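Chemist: what follows is a predicted structure for the sequence shown.
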Amino acid sequence: MNSWMISGVFAIFVLLASTGLFFFVVTRGALVLRGLSADSKSESSHVYPIYSNMRLIKLVDFQPIISAILLFQYHHLVSKIVSELKQMDLRKKKVLITSCAFGNVIPRVVKAAVESGAERVLIADIIQNELTHAKSKLREYDGKVEFVEDNATAMKLKDGGVDANVIFFLLHELPHDLKGQALNEAGRMLAPGGKLFLAEFHRPQLWVLRALSWTYFKVFEPLGLALWDTHDPLNYLEATGGWTCERTTYFFGNFQIIAATKK
Ligand SMILES: C[S@@+](CC[C@H](N)C(=O)[O-])C[C@H]1O[C@@H](n2cnc3c(N)ncnc32)[C@H](O)[C@@H]1O
């Protein structure tokens, strides 16, 4: 190996290591520190700084980075939700997006909902900065979209008030006792026949991927691993008995979209 190659490999290593360190500091690292402080328990204490600090939100919300984090499956996952929404007749109906997410998922979901006739799209998030940031992506839908500061696990919306609800990669970030609560709330707010679309991580079939994924969760997002077994959202919904569920997996089972229809 000549010195150019050694320098190149070293530069890539430094880049990957510093990216990993950055993400650790603005996600799990910050939560560990927060846990040490006396006032660590609030309803948003599980939320990473990456979602609450406006500078960090703007720094990270760059489509190639977001797609890479989801192993370039982001587009497929969003497309599945969009195509399901497009098949629904949402005239005079409301669509809810429970919690914001980076990338173009929100504009694509809003577009699909509006094209299917939805009279209003509600976007709820526990962090005001996330709502402000989402609003900046949705200027062309002024008047159609409403932004609500609310908690997915105890929402202010009335029972049966929406006909579709999209939850994109929220559950794996919630403490375990709140995962079921968020699903219960999703069910409460949906009208009968309404659809819940859940995008989440899933237990990969390939052992190599499973090992890498397990390491990722252990380091960055320890609350996510339970979705593989004890807190599988599909099992949870089916156990409540009020849903018909369909699961589609992506990238050797590493990701899933659950489309659940409320009976
Ligand atoms: C959906 S999750 C993660 C999305 C995913 N990592 C991405 O951006 O592609 C992040 C969002 O959930 C929000 N959030 C976290 N806990 C919440 C809760 N209990 N209720 C509502 N929103 C919540 C955060 O404020 C943040 O906007």
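Modeler: All right, it came through fine.

Chemist: from here on, just use CA atoms for contacts and neighbour counts.
Modeler: OK.

Chemist: the helix or strand bottoming out on mean pLDDT in the chain - contacts with which helices or strands?
Modeler: Sorted by mean pLDDT, DSSP states H and E, the helices and strands of the chain end with helix 30-36, the least confident at a mean of 82. Helix 30-36 sits against no helix or strand, with contacts defined as 3 or more Cα pairs under 8 Å, 6 or more residues apart in numbering; DSSP states H and E.

Chemist: pull out the buried positions in it.
Modeler: When neighbours are counted by 16 or more other Cα atoms under 10 Å, the buried residues of helix 30-36 are found to be 30-31, 34.

Chemist: mind putting the residues you listed in CSV, distance to the ligand included?
Modeler: Shown next, in CSV, are these (distance: Cα to the nearest ligand atom, whole Å):
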residue, distance to the ligand
30, 15
31, 13
34, 15
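
Chemist: dump those into a markdown table; add distance to residue 258 as well.
Modeler: Conversion of the buried residues of helix 30-36 to a markdown table gives the following (distance: Cα to Cα, whole Å):
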| residue | distance to residue 258 |
| --- | --- |
| 30 | 30 |
| 31 | 28 |
| 34 | 32 |
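
Chemist: and of those, the nearest to residue 229?
Modeler: Minimum distance to residue 229 across these is 23.9 Å, recorded for residue 31 (Cα to Cα).

Chemist: what residues are up against the closest one?
Modeler: The neighbours of residue 31, taking Cα atoms under 8 Å, 6 or more residues apart in numbering as the test, are 45-48.

Chemist: are any of these buried, and which?
Modeler: With burial judged by 16+ other Cα under 10 Å, the buried subset of these is 46-48.

Chemist: nearest to residue 5 among the residues you listed?
Modeler: Nearest to residue 5 among the buried ones among the contacts of residue 31, with distances taken as Cα to Cα, is residue 48, at 37.2 Å.

Chemist: can you tell me, leaving aside adjacent residues, what's nearest to residue 228?
Modeler: Counting by Cα to Cα, 6 or more residues apart in numbering, the nearest residue to residue 228 once its immediate chain neighbours are dropped is residue 203, at 4.9 Å.

Chemist: tell me the secondary structure for the one you found?
Modeler: Here residue 203 is coil, with the state taken from DSSP: H, G, I helix; E, B strand; the rest coil.

Chemist: next, count neighbours for it.
Modeler: A count of nearby residues for residue 203, using other Cα atoms under 10 Å, gives 22.

Chemist: still on that earlier bit, how distant is the least confident helix or strand of the chain from the center of its chain?
Modeler: Its chain's C-alpha centre lies 22 Å from the corresponding centre of helix 30-36 when counted by Cα atoms, centre = their mean, to the nearest Å.

Chemist: which SSE is immediately downstream of that helix?
Modeler: helix 54-60 (DSSP states H and E).

Chemist: quick check: residues of the stretch 1-150 of the chain near the ligand?
Modeler: The interface of the stretch 1-150 of the chain toward the ligand, taken as Cα under 6 Å from any ligand atom, is made up of 47, 51, 99-102, 125-127, 130, 150.

Chemist: need those in CSV (columns: pLDDT).
Modeler: What follows is those, written out as CSV (pLDDT from 0 to 100):
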residue, pLDDT
47, 88
51, 92
99, 98
100, 98
101, 97
102, 97
125, 98
126, 97
127, 97
130, 98
150, 98
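
Chemist: ok, so of the buried ones among the contacts of residue 31, who is nearest residue 164?
Modeler: Checking the buried ones among the contacts of residue 31 one by one against residue 164 (Cα to Cα), the nearest turns out to be residue 47, at 24.5 Å.

Chemist: residues contacting that closest one?
Modeler: Residue 47 is in contact with 31, 173, counting by Cα under 8 Å, 6+ apart.

Chemist: from residue 74, how far out is it?
Modeler: As defined by Cα to Cα, to the nearest Å, residue 47 lies at a distance of 21 Å from residue 74.

Chemist: ok, for the most centrally placed residue in the chain, nearest residue in space, not its chain neighbours?
Modeler: When the chain is reduced to its mean C-alpha position, the nearest residue by Cα atoms, centre = their mean turns out to be residue 169, at 2.1 Å. Spatial nearest neighbour of residue 169, chain neighbours left out: residue 200 (4.9 Å); criterion: Cα to Cα, 6+ apart.
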